[in-house]
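S.K.: Just need the structure, nothing else, for what follows:
(2 chains)
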Amino acid sequence: MHQVVSPGEFQVAPRATPNRLARAWYLLTKTARSPTPYLMAFGILLWVFVYWLLCEGLKLPRFVKIPGPITVLSEWLSPHPQQGISIFTPEYYEHIYVSCRRIFIAFCIATSIGVPLGLVMGWSRTFRDYTFPILETLRPIPILAWVPLAILMFSGYETPVIFLATLASLYVTTLNTMLGVQSIDEVYFRAAGCLGSSRWDVFRHVVVPGALPFIFTGLQISIGVAWFSLVAAEMVSGDFGLGYLILSSYMNSVTVPMVIAMLTLGFVGWFTSAMVRFVGNRLMQWHARALALQGR
Amino acid sequence: MKRADASLEFNGSSGMPTRGALTIRDLVKIYDPEGVNIMAVDHCSMQITPGEFCMIVGPSGCGKTTLLNAIAGFHSITSGEIFLDDKLLCGPDKPIAAQGADRIVVFQNGALFPWKTLAENVAYGPMVQGVLSKRNALAKAHEMLAEAGLGEFGGKYPGEVSSGMARRAEIVRALINRPKVLLLDEPYRAMDGLTKSIMHEALLEIYDRTKVTIFFITHDLEEAIFLGDRVYVLTTRPCRLKKVVNVDIPRPRNYEVLSSEPFRLLVEETRDAVHEEAIKAFQLGERELA
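M.R.: Below you'll find the model as predicted:
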């Protein structure tokens, strides 16, 4: 006999949820069995070896002035560096701190202007019509072209540098946020309308969360761009910071601190990007979980 | 009925349904995408009674979705009028209906907000309308999800559950607002046959409890006869009403109906009408309009 089954009578088998420790261990062993970590380690070693070979092994003519990995590393870790900068000198941390502070301020200003601006631009056609041409004209101007203007406009070392870094990341954040709003499927606006939303409800419950994945992609790019323009700005105008360190080392013909500053920039930039990604994943549980289900 | 739940019985389940009469009178819709007028709907009239399970069938691109868009208030109409009970939704002086929670659409590919959990999705309507506080709305949402067999999934995001469950949750999200009409736009199109049959039974069960008026667009004739009280066959573009098939198979229905003689005859009757139009549509060979 075939019976109509009412939906309430469906029995769903309880899913076993492994505890966090077991899950972490499982993921760790799974990673250890996959080739990924070994390939990564081998890749790094290979690149460092090539670097060493060029500068210190073969001493090729073009690389003669470039400090090799052993020179850089021994200087970097030395308590009494010959050329002034190592992990034991307070100036090293002063440079990092100053750059990070500038990035933090610039990123915060750019985000707090860029995200609301982009949201409104994506949401309101009228506002977009007013503002988009200006944004598109200003955006292609390279940040270095703004340097003289920034120095004329702002006094001191600090504000011009922050201004330039802010400007660079502002464009990226605004544009990505706007594209994020435009990427939201029309069907969600319709569904929200059917369910009796006011315009403000639509903004809060559809526009903002719907644009978040794009916003955070934009923020990751924006923090990278902020570093890029910060270093450029510090080279032109500055008294401290990693960009300043690179240029002043070059001026003083000390090459090792130059390379140390470059590598430090790489690591710090990577770290800030990862932080933005982390915050994004925390804010977008739905997105992170959907990606996890796809095995990404 | 086993469970005595007041939340899902709102359209006179004890007697005759009283809400949700949908009157479409001389509806005309002309699209003008590239300076060339295309008539999508041509003086189409329909009278849908309160609590009717009405199935709309017609060839691809015939204007079924245009009808739904006009009722829901997504698109304007050119002339004619649509009434819901005694309220004018759109007419001569009001080309586009105001969107409202008395007519809720369940979309073809699903439109649960992916950034909200199933419970938050269901609670959304009463919350933004100010009917319930956020807390009470969530409590009610959990309760209604449990009634629909989704009790454990209230905290999951739509991306984490199967499409069948998501679609069921979407129907719950609509029903929590006690709509007068539920508008479904080929909601089970992308599903496999087995899932579809489970969805049909669940929808029938919901309908038997709520007696909400259902406006259901489909291509699938067997689905139309199995679910509906009446099947409205539409002509190819411009869309007009071609034929109304009364389905006098008693409720509650189950899958045994599918192999019965009256069912087979009704499907045949409908197929003849639709096939004729499908051939015309095919020969026209025009691209579907949105």
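
S.K.: How many neighbouring residues does residue 101 have?
M.R.: Chain wasn't specified; assuming chain A. Neighbour count for A:Arg101, taken as other C-beta atoms under 10 Å in any protein chain shown: 14. For every residue, glycine as well, the C-beta is placed using N, CA and C.

S.K.: let's do chain B instead
M.R.: There are 21 residues near B:Ala101, going by other C-beta under 10 Å.

S.K.: quick one: which helix or strand includes the closest residue to A:Ala288 other than its chain neighbours?
M.R.: Setting aside the residues directly before and after it, A:Ala288 is nearest to A:Asn281 in space (C-beta to C-beta, 6 or more residues apart in numbering or on different chains), at 4.5 Å. Using DSSP states H and E, the element containing A:Asn281 is helix A:255-283.

S.K.: Is any residue of the strand or helix carrying A:Ile215 near chain B?
M.R.: According to DSSP H and E, A:Ile215 maps onto helix A:208-236. Yes - shown here: helix A:208-236 in contact with chain B (C-beta under 8 Å from any C-beta of the partner chain) through A:Pro209, A:Gly210, A:Leu212.

S.K.: from those, which is closest to chain B?
M.R.: Here the nearest of the residues of helix A:208-236 next to chain B to chain B, counting by C-beta to the nearest C-beta, is A:Pro209; it sits at 3.9 Å.

S.K.: Not counting its neighbours along the chain, what's nearest that closest one?
M.R.: Distances taken as C-beta to C-beta, 6+ apart place B:Trp115 nearest to A:Pro209, at 3.9 Å, with adjacent residues excluded.

S.K.: Break down the stretch 1-150 of chain A into its helices, ranges please.
M.R.: A:20-33, A:36-52, A:69-76, A:90-123, A:125-138, A:147-153 (DSSP state H, counting those that start in this stretch).

S.K.: What about the single nearest residue of the stretch 151-290 of chain B relative to chain A, how many residues nearby?
M.R.: Distances between the stretch 151-290 of chain B and chain A by C-beta to the nearest C-beta are smallest at B:Gly159, namely 3.6 Å. Around B:Gly159 sit 17 other residues, with neighbours defined as other C-beta under 10 Å.

S.K.: before we move on, the earlier item: please identify which of the helices of the stretch 1-150 of chain A is closest to B:Arg19.
M.R.: helix A:90-123 (34.8 Å; C-beta to C-beta).

S.K.: and that closest one, what does it pack onto?
M.R.: Contact analysis of helix A:90-123 by 3 or more C-beta pairs under 8 Å, 6 or more residues apart in numbering or on different chains; DSSP states H and E lists helix A:125-138, helix A:158-182, helix A:208-236, helix A:242-251, helix A:255-283 as its packing neighbours.

S.K.: Out of the ones you listed, which is closest to A:Ile109?
M.R.: helix A:158-182 (4.8 Å).

S.K.: got the phi/psi numbers for B:Gly110?
M.R.: Backbone torsions of B:Gly110, given as degrees, to the nearest 10, read phi 80, psi 140.

S.K.: same check, this time on B:Asp192
M.R.: Backbone torsions for B:Asp192, taken as degrees, to the nearest 10, come to phi -80, psi 160.

S.K.: how many neighbours does it have?
M.R.: 10.

S.K.: For my notes, confirm B:Asp90 occurs in a helix.
M.R.: For residue B:90 the amino acid is Cys, not Asp. No - secondary structure assignment places B:Cys90 outside any helix; it is strand (DSSP: H, G, I helix; E, B strand; the rest coil).

S.K.: quick one: A:Phe154 and chain B, what's the gap?
M.R.: Noted for A:Phe154: a distance of 40 Å to chain B, by C-beta to the nearest C-beta, to the nearest Å.

S.K.: Who are the contact partners of that residue?
M.R.: Taking C-beta atoms under 8 Å, 6 or more residues apart in numbering or on different chains, we find A:Phe154 in contact with A:Pro160, A:Phe163.

S.K.: where does chain B dip in pLDDT?
M.R.: Counting by pLDDT under 70, chain B shows low-confidence ranges at B:1-15, B:285-290.

S.K.: And the helices in it, which stretches?
M.R.: B:64-72, B:118-128, B:134-147, B:163-175, B:193-210, B:221-227, B:261-284 (DSSP state H).
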